[in-house]
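Participant: model this:
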Amino acid sequence: MSFYWKSLYRDIAGNWSTWFCFLYLLSLLALCWIPGMIRLDADISTYIDDEAPKYVNQLPSIVISKGQASIAEPQPSIIKDPEKGDPVMIIDTTGQITSLENSNARILVTKTQLFIKDSLQGTRILNLSELGDMTVDKTLVYDWLEVFNEWFAILVYPFALLFSFAFRSAQVLIYALIGMLFSRALKVGLNYQALTRLAAISLTPVIILNALTTFFKIAMPSPWLINAVITTGYLIFAIRACSSPADS
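Facilitator: Numbering: from 1, shown residues only. Got it, this is the predicted structure:
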């Protein structure tokens, strides 16, 4: 009803509690994140089925025993991007390669250490002794990927929900301030709390639109601008609805 019913907005401004509007916002986000998680799960499954084998099938069996790695294949063993030919992972237990400097590879396994290049944190180094004795082969990696595929979307969902709720709540407070200007311009007597409630509900169309575009992979030009215009338009609609007692 937030798409069209003026009486709803009048009821929200006059009778709803502010905390209930934020609870509504949380519930709406909880529902609208479900299509995104379904899409994310499908995309991960597609990648694991279609792309991951191109890399995993290049992986030699790596035996880690007493903190030292070894492989039977000639070294350095390099796993490459199948399309570009760039190195992705290097395995060298002979000491020829000891760092990821001057290399496009993001992972290096030496005799005693694991190097992981992170664009944000630089290169992290892990001693293989911390991993215990194990054999990393294609079968194990596929098992890891299967577990990752099964649980990733489920584990990400609560974090995505909480982050988006914090973000949308901040938007509500900002839009309520903007609503003060429109309320005065339209000569509608609404206080900040009432405008906060109206702003929370005015976000409904944008949240639903974003859920649909994410699920169906529809790219919108300038999505931030479009979202701002739609939300502002519905906020003005809500304020104007409160200026007239007549239902429509």
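Participant: and for the residue nearest the centre of the chain, nearest residue in space, chain neighbours not counted?
Facilitator: Most central in the chain under Cα atoms, centre = their mean is Ala160, positioned 6.0 Å from the mean C-alpha point. In space, and not counting its chain neighbours, Ala160 is closest to Trp33: 5.8 Å by Cβ to Cβ, 6 or more residues apart in numbering. In short, each C-beta sits where N, CA and C put it, glycine included.
Participant: what about that neighbour, which SS state?
Facilitator: Put simply, Trp33 is helix when judged by DSSP: H, G, I helix; E, B strand; the rest coil.
Participant: list the buried residues in stretch 99-108.
Facilitator: Of the residues in stretch 99-108, Leu100, Ala105, Arg106, Leu108 count as buried by neighbour count, 16 or more other Cβ atoms under 10 Å.
Participant: and the residues you listed as TSV, adding secondary structure and distance to Trp151?
Facilitator: Compiled in TSV, these are given as follows (DSSP: H, G, I helix; E, B strand; the rest coil; distance: Cβ to Cβ, whole Å):
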residue	secondary structure	distance to Trp151
Leu100	coil	29
Ala105	coil	28
Arg106	coil	23
Leu108	strand	27
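Participant: from these, which single one is nearest Asn127?
Facilitator: Leu108 (13.4 Å; Cβ to Cβ).
Participant: where does the residue nearest to Cys32 when sequence neighbours are not counted sit, in terms of helix or strand?
Facilitator: Spatial nearest neighbour of Cys32, chain neighbours left out: Ala211 (3.8 Å); criterion: Cβ to Cβ, 6+ apart. The secondary structure element spanning Ala211 is helix 204-215 (assigned by DSSP states H and E).
Participant: coming back round to it: how close does the residue nearest to Ala160 get to Arg39?
Facilitator: Distance of Trp33 to Arg39, given as Cβ to Cβ, to the nearest Å: 10 Å.
Participant: who's in contact with stretch 110-123?
Facilitator: Taking Cβ atoms under 8 Å, 6 or more residues apart in numbering as the criterion, the residues outside stretch 110-123 that touch it are 67-70, 92-95, 97-100, 105-109, 124-129, 131.
Participant: how about 10 Å then?
Facilitator: For stretch 110-123, the external contacting residues (Cβ atoms under 10 Å, 6 or more residues apart in numbering) are 64, 66-70, 76, 89-101, 103-109, 124-131.
Participant: would you list every one of the helices in the protein?
Facilitator: Per DSSP state H, the chain carries helices over the ranges 6-15, 18-50, 52-56, 138-185, 192-202, 204-215, 223-241.
Participant: and among those, the most buried is which?
Facilitator: For these, the largest average neighbour count (mean count of other Cβ atoms under 10 Å) is found in helix 192-202, namely a mean of 24.
Participant: so how far is that one from its chain's centroid?
Facilitator: In terms of Cα atoms, centre = their mean, to the nearest Å, the centre of helix 192-202 is found 27 Å from the chain centre.
Participant: so where's this protein uncertain?
Facilitator: 244-248 (pLDDT under 70).
Participant: let's see it at 80
Facilitator: Applying pLDDT under 80 to the chain picks out residues 119-121, 244-248.
Participant: what domains does the record give for it?
Facilitator: For the chain, automatic domain parsing gives the domain ranges 6-45+152-241, 60-136.
Participant: closest to Leu145 out of these?
Facilitator: Nearest to Leu145, of all those, is domain 6-45+152-241, at 9.1 Å by Cβ to Cβ.
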